[in-house]
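Engineer: take this sequence and fold it.
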Amino acid sequence: MENIRPNMFSNIPQRYVGTKRADSLFFIKVQVASTDYKVQIKEHLVNNCGIRSKAVDKWFQAVTVATGFTAVEVENFYYILTCAHLFEYFYSAEIKVDCDKLNSWFNILIICQHYESDMIANHPNLYADPIKSNDPRFYLPARIVKLDQSKDLMLLKVSKRYLYGNHTMQLCQMPHPVLSLATVKPRPADDIMLVSWPPCRKDSVITGQLVARDRVYGQLTQYLSKGYSMHLVELNVVGGAGCSGAPVLSHQAAVIGLYHGRIESLGYAVSAADIYEFCLGAHQVYIYMTTL
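Structural biologist: Below is the predicted model of the structure:
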């Protein structure tokens, strides 16, 4: 008979899982690198990707954001894992995304939790009027090193030199530990935690349960135009805007998935197996996994 485990979060404080892993989270936003590029981007999306002109204009006006987390640390760089659908207008089942163009057209910007905490302490009105006020934050540049549109996964490279700076400009002094992947598949009814960073709401933690551990897109929706082929973990929690790319954690703070988004009334995350396969081939960078 299968060994039935008790509710793990009743034995291990939820605060430990969420707080310990907050050090690894990053806020990510995307901006057009220059207004001169807007014409090129619009022409590309309208002519090559079949996006309507009004939809492109609306997209330009929106703030494109996501959550990311440290997946790999190699010498002088952190590699941050997040969702590819930050650029979903640029690909489909028939159209392959061009990462070189994305890196030239856009500024991909990140900040870490420690820096944001310092900003809150030094700017008491930071969140008082976040839309109308000028953003006083200093964002760090990141570059796409790998993107798999079929798995909705993207790996960003960030220089530690920019993050830790020098004596005159030091944005952070803390480590950003790699989140380990779960090596044992979770089971239905296992407790999970989604740790994300929506705009102006860092340390957003949602707890829930895993519903099913192996879904595919065709089971969930008829909207298959993006060509997604990843295996999805089904959750009874749903994240909001900016939660995409966030880690879904087990009771031992191992990553069981990367939050993809909401379909119908449930949340879905790209499976740990797909994440491992993706990162394994990323410029010979390897994720080191721990056993649950």
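Engineer: switch to C-alpha atoms for all contacts and neighbour counts from now on
Structural biologist: Noted.
Engineer: contacting residues for the most centrally placed residue in the chain?
Structural biologist: The centroid of the chain falls nearest to Gly245 when counting by Cα atoms, centre = their mean (2.1 Å). By Cα atoms under 8 Å, 6 or more residues apart in numbering, Gly245 lies in contact with Ala66, Thr67, Gly68, Phe69, Leu81, Thr82, Cys83, Leu258, Tyr259, His260.
Engineer: got the phi/psi numbers for the first one?
Structural biologist: Reported as degrees, to the nearest 10, the phi and psi values for Ala66 are phi -160, psi 170.
Engineer: ok, what's across the strand from it?
Structural biologist: Ala66 has the following beta-bridge partners by DSSP bridges: Ile28.
Engineer: my read: it touches Leu86, true?
Structural biologist: Yes - counting by Cα atoms under 8 Å, Ala66 does reach Leu86; the two are 7.3 Å apart.
Engineer: between these two, which one's more packed in?
Structural biologist: Using other Cα atoms under 10 Å as the criterion, Ala66 and Leu86 rank with Ala66 on top: 26 against 20.
Engineer: if we can go back for a sec, pretty sure the residue nearest to the centre of the chain belongs to a helix, no?
Structural biologist: No - looking at Gly245 with DSSP: H, G, I helix; E, B strand; the rest coil, it is coil, so not inside a helix.
Engineer: how close does it get to Asp36?
Structural biologist: Gly245 sits 29 Å away from Asp36 when distances are taken as Cα to Cα, to the nearest Å.
Engineer: just Tyr268 next, same as before
Structural biologist: Computed as Cα to Cα, the Tyr268 to Asp36 distance reads 37 Å.
Engineer: show me which of these two is the more surrounded one.
Structural biologist: A direct count of neighbours by other Cα under 10 Å for Tyr268 and Asp36 places Tyr268 higher, at 28 against 10.
Engineer: returning to what we had before: tabulate the contacts of Gly245 (CSV), appending distance to Pro188, pLDDT and secondary structure.
Structural biologist: Below are the contacts of Gly245 laid out as CSV (distance: Cα to Cα, whole Å; pLDDT from 0 to 100; DSSP: H, G, I helix; E, B strand; the rest coil):
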residue, distance to Pro188, pLDDT, secondary structure
Ala66, 27, 97, strand
Thr67, 25, 97, strand
Gly68, 25, 97, strand
Phe69, 25, 96, strand
Leu81, 25, 97, strand
Thr82, 25, 98, strand
Cys83, 24, 98, coil
Leu258, 17, 98, strand
Tyr259, 17, 98, strand
His260, 19, 97, strand
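Engineer: same list (the residues you listed) but as CSV, adding distance to Lys157.
Structural biologist: As requested, the contacts of Gly245 are arranged in CSV below (distance: Cα to Cα, whole Å):
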residue, distance to Lys157
Ala66, 15
Thr67, 15
Gly68, 11
Phe69, 11
Leu81, 9
Thr82, 11
Cys83, 14
Leu258, 18
Tyr259, 20
His260, 20
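Engineer: for Leu220, state which of the residues you listed is nearest.
Structural biologist: Checking those against Leu220 with Cα to Cα, the nearest one is His260 at 13.1 Å.
Engineer: neighbours around that closest one, how many?
Structural biologist: Neighbour tally, His260, other Cα under 10 Å: 26.
Engineer: surely it meets Val270?
Structural biologist: Yes - applying Cα under 8 Å, one finds His260 in contact with Val270, separated by 6.2 Å.
Engineer: tell me, what's touching the two both at once?
Structural biologist: Asp152.
Engineer: what about Tyr217, how many residues nearby?
Structural biologist: Neighbour number of Tyr217 under other Cα under 10 Å is 16.
Engineer: ignore what I typed, I meant Val270.
Structural biologist: Each residue near Val270 was counted by other Cα under 10 Å, and the total is 30.
Engineer: how about the contacts made by it?
Structural biologist: Contacts here follow Cα under 8 Å, 6+ apart; on that basis Val270 touches Lys151, Asp152, Met230, His231, Leu232, Val233, Gly257, Leu258, Tyr259, His260.
Engineer: from the middle of its chain, how far away would the helix or strand containing it be?
Structural biologist: Following DSSP states H and E, the helix or strand that holds Val270 is strand 266-271. Distance, stretch centre to chain centre, for strand 266-271: 12 Å (Cα atoms, centre = their mean, to the nearest Å).
Engineer: the protein: helices as residue ranges?
Structural biologist: Counting by DSSP state H, the chain has these helices, from start to end: 14-22, 36-48, 53-61, 99-105, 113-122, 160-164, 217-220, 272-280.
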